[in-house]
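Enquirer: below is the sequence, then the predicted model.
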Amino acid sequence: LVLYTAREGVLLGTVRDLALKLCPQLNIKVIEEPPSMKELERAEEVFISSTSRWVLPVGEMVMADKTIVATKSTELTDKLYRLLLDNVVANSTPL
């Protein structure tokens, strides 16, 4: 499994950074280069990361020719979300 993510032109936030560091635990290889449009069309899963949503699955993408491509799954995104949550809880200090 491979995760493509741009290194330039994106916010290099803390959630993104942690998600990329946790990917090897799910046997996901991280390649820091933007995916091509062909790779996006073939992607089984696509997600975005943010401070408020952590990792959020993308259900469909509108391509340059206006066709809509639906993603096939959210299984790995869900696993990554749970791994992020477990990591944050394990490394947080109770108030």
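Expert: Now that the structure is in, tell me what you want to look at. Predicted model only: the values in this text are computed from it and were never measured.

Enquirer: ok, Val46 to Pro94 distance?
Expert: 35 Å (C-beta to C-beta, to the nearest Å). No exception for glycine: its C-beta is placed from N, CA and C like everyone else's.

Enquirer: what sits up against the helix or strand of the chain with the lowest mean pLDDT?
Expert: The helix or strand of the chain with the lowest confidence, counting by mean pLDDT, DSSP states H and E, is helix 37-42 at a mean of 89. Residues outside helix 37-42 that contact it (C-beta atoms under 8 Å, 6 or more residues apart in numbering): Tyr4, Val46, Met61, Met63, Ala64, Val69.

Enquirer: one more time with 10 Å, if that's ok
Expert: With C-beta atoms under 10 Å, 6 or more residues apart in numbering as the test, helix 37-42 has contacts from 2, 4, 31, 34-36, 46, 58, 61, 63-65, 67, 69, 71-72.

Enquirer: residues in contact with the residue nearest to Val69 when sequence neighbours are not counted?
Expert: In this structure, Val69 finds its nearest non-sequential neighbour in Met61, 5.0 Å apart by C-beta to C-beta, 6 or more residues apart in numbering. By C-beta under 10 Å, 6+ apart, the residues touching Met61 are Met37, Leu40, Glu41, Ala43, Val46, Thr67, Ile68, Val69, Ala70, Thr71.

Enquirer: with Arg7 instead?
Expert: So Arg7 contacts Ile31, Glu32, Glu33, Pro34 (C-beta under 10 Å, 6+ apart).

Enquirer: what's the burial count for the first one?
Expert: Around Ile31 sit 12 other residues, with neighbours defined as other C-beta atoms under 10 Å.
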